[in-house]
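Colleague: predicted model and sequence below, questions to follow.
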Amino acid sequence: MTVRVRIAPSPTGDPHVGTAYIGLFNYAFAKKHGGKFILRIEDTDQTRSTKESEQMIYHSLKWVGLEWDEGPDKGGPHGPYRQSERLHHYKDAAHTLIERGEAYRCFCTAERLDELRTKQRAAGGRLGYDRHCRGLDNTQARASEPHVIRLKLPTEGKIVVQDKLRGAIEFDAAEIDDQVLLKTDGFPTYHLANVVDDHMMQITHVIRAEEWITSTPKHVQLYKSFGWQAPEFIHMPLLRNADKSKISKRKNPVSLNYYERAGFLPEAMLNYLALMGWTLPDQREKFPIKDMIEHFSFDRISLGGPVFDLAKLTWLNGLYLRELDDDRYLGVLRGHVLSDAYLKRVIPLVKERIDKLEDFASYAGFFFSGKVEHKVEELVAKGKTPAETKKTFELLGEEFDTIVRWEAKLLDERLRAFCEKNALKPKELFMPVRVAVTGRSATPGLFETMEVLGKEVCRTRLRDAIAVLAVVKPG
């Protein structure tokens, strides 16, 4: 058997550090066993998927050193590797299940499902689909009516998931909904597309985050309904914040774009991610990935939630930086923090504001530094309190999360709309935001500056400003 593993990110935002974490363990396992590491783009969420996000995924995976053997930009015998180009496979598979009596057409309207949920909440019972259409006529005669296709799950007994790290995990079949497989628009749900693709791409081991464990009984049942051999499931522990909550952008930078822009070395990033729940036999903390591949075994995985500690990652990155010779160090600086491409974006914003080149570094320093200094009196607009400003920044952070194209014109539109929505005057928001993302009250144009700084830097500095405001005592 040739080992075949995959990662399947959705292009709905910045490339996540969790994608690199799961990608690394798939990559190491494949290389250890002479197998194939496959990239698949799960873009069936057409309302949120973007080409920009997809391109960022490719760039970040290549930057961190996780080159895929099959997938977009590389091809392979089981393509295409973008789900939006594989819709006919999912439709064929769903109708095969209907013909076998393993799935059925559901004609319930959104209004009926809303009413059902309301009644279930009022009764205090289990929320879920009541299988209303399961016994209806599912012949082709009704196929022209709007409908979804649902999987017939067992109504009693246990569904058992075999997980390499956890052993047998049992689920009560009666507690699991008859899962929607194909939506009314003809697009598949994650569950159907995931299983069909893994089967067609001959995936032997599904290595993914533990948050997918509760979905796995549906996948196990799908494999059984198709009559296919299921892959081996390995659910990795989730990356955690220090308080053991799931890692999130509200507490840590999670975009790989941020770490590249900040000057973290890819070898340091991979080394650190390898330490997330795994150790070498000799317990070394600093090692090249070739050592991980040589000694890789899932027996060395710890299921205690690994804490993603930015301070420790920074310490480890410092070790790698200090080992660089001067020429490589210069190359890294020119390749990231002081790249020509980045400088060419900064120069147009500052050249009308300085008269001597020696003033460039002092005036434009916030474009290149990590943290900036926040003074409470400059963060808070006249007539507002620190608590009010903190709340506004928290809401703005949520707004940042929804902005995909981080461009000056769109930022201007979105922040003005944010002002209207939250009954703020632009001057009550724009100056505090300027100070939050730059540490200065006088800078080039706010939105042009935010575009150059990038989404993750702005979000990180906004989070730092919130932390400063949080310690201010009322009154």
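Modeller: That came in fine, so what should we check first? Numbering: from 1, shown residues only.

Colleague: now do the buried residues in the one helix or strand Glu377 maps to.
Modeller: Using DSSP states H and E, Glu377 sits within helix 376-379. For helix 376-379, burial by neighbour count (16 or more other C-beta atoms under 10 Å) applies to Glu378, Leu379. C-betas here are computed from N, CA, C, even on glycine.

Colleague: packing partners for it?
Modeller: helix 386-401, helix 426-438, helix 455-470 (3 or more C-beta pairs under 8 Å, 6 or more residues apart in numbering; DSSP states H and E).

Colleague: avg pLDDT for it?
Modeller: Confidence over helix 376-379 (mean pLDDT, whole number) is 95.

Colleague: stretch 311-321 too?
Modeller: Averaged across stretch 311-321, the pLDDT comes to 96.

Colleague: how about the helices and strands packed on helix 376-379 in a markdown table, adding distance to Glu232 and mean pLDDT?
Modeller: What follows is the helices and strands packed on helix 376-379, written out as a markdown table (distance: least, C-beta to C-beta, whole Å; pLDDT from 0 to 100):
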| stretch | distance to Glu232 | mean pLDDT |
| --- | --- | --- |
| helix 386-401 | 35 | 95 |
| helix 426-438 | 46 | 97 |
| helix 455-470 | 35 | 94 |
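
Colleague: looking at those, which is nearest to Phe287?
Modeller: helix 455-470 (27.6 Å; C-beta to C-beta).

Colleague: what sits up against that closest one?
Modeller: 14, 249-251, 253, 255, 257-258, 261, 371-372, 374, 376, 379-380, 386-387, 389-390, 393-394, 396-397, 400-401, 403, 406, 433, 435-439, 450, 453 (C-beta atoms under 8 Å, 6 or more residues apart in numbering).

Colleague: how confident was the prediction at Arg405?
Modeller: pLDDT, Arg405: 86.

Colleague: residues contacting it?
Modeller: Residues near Arg405 by C-beta under 8 Å, 6+ apart: Thr50, Glu52.

Colleague: quickly find the element holding it.
Modeller: Going by DSSP H and E, Arg405 is not in any helix or strand.

Colleague: could you do the one 10 residues further on as well?
Modeller: Here Leu415 is covered by helix 408-421, with elements defined by DSSP H and E.

Colleague: so for that helix, what's the average pLDDT?
Modeller: Across helix 408-421, pLDDT averages out at 97.

Colleague: report all helices and strands that that helix contacts.
Modeller: When contacts are defined as 3+ C-beta pairs under 8 Å, 6+ apart, helix 408-421 packs onto helix 386-401, helix 426-438, helix 446-453.

Colleague: quick one: His89 from His78, how far?
Modeller: 11 Å (C-beta to C-beta, to the nearest Å).

Colleague: between these two, which contacts overlap?
Modeller: In terms of C-beta under 8 Å, 6+ apart, His89 and His78 are both contacted by the residues Met200.

Colleague: did I read that right, Asn257 in a helix?
Modeller: Yes - counting by DSSP: H, G, I helix; E, B strand; the rest coil, Asn257 falls inside a helix.

Colleague: let me see the contact set for the residue nearest the centre of the chain.
Modeller: In the chain, the residue lying closest to the centroid (C-alpha atoms, centre = their mean) is His16, at 4.1 Å. The neighbours of His16, taking C-beta under 8 Å, 6+ apart as the test, are Pro9, Val254, Ser255, Leu256.

Colleague: just among those, which is most surrounded?
Modeller: Taking other C-beta atoms under 10 Å as the neighbour criterion, Leu256 ranks highest of those with 26 neighbours.

Colleague: what sits closest to that residue if chain neighbours are left out?
Modeller: Nearest-residue entry for Leu256: Ser60, 3.9 Å, with adjacent residues in sequence omitted and distances by C-beta to C-beta, 6 or more residues apart in numbering.

Colleague: what secondary structure does that neighbour sit in?
Modeller: Under three-state DSSP, Ser60 comes out as helix.

Colleague: pretty sure it sits against Pro15.
Modeller: Yes - using C-beta atoms under 8 Å, Ser60 makes contact with Pro15 at a distance of 3.9 Å.

Colleague: shared neighbours, these two?
Modeller: Joint contacts of Ser60 and Pro15 (C-beta under 8 Å, 6+ apart) are Leu256, Asn257.

Colleague: these two: who's more crowded?
Modeller: Neighbours per residue (other C-beta under 10 Å) separate Ser60 from Pro15, with Pro15 holding more: 27 against 24.

Colleague: what sits against that one?
Modeller: Residues in contact with Pro15 (C-beta under 8 Å, 6+ apart) are Pro9, Ser53, Met56, Ile57, His59, Ser60, Leu61, Ser255, Leu256, Asn257.

Colleague: and if we set it to 10 Å?
Modeller: The contact partners of Pro15, by C-beta atoms under 10 Å, 6 or more residues apart in numbering, come to 9, 23, 53-61, 63-64, 254-258, 260.
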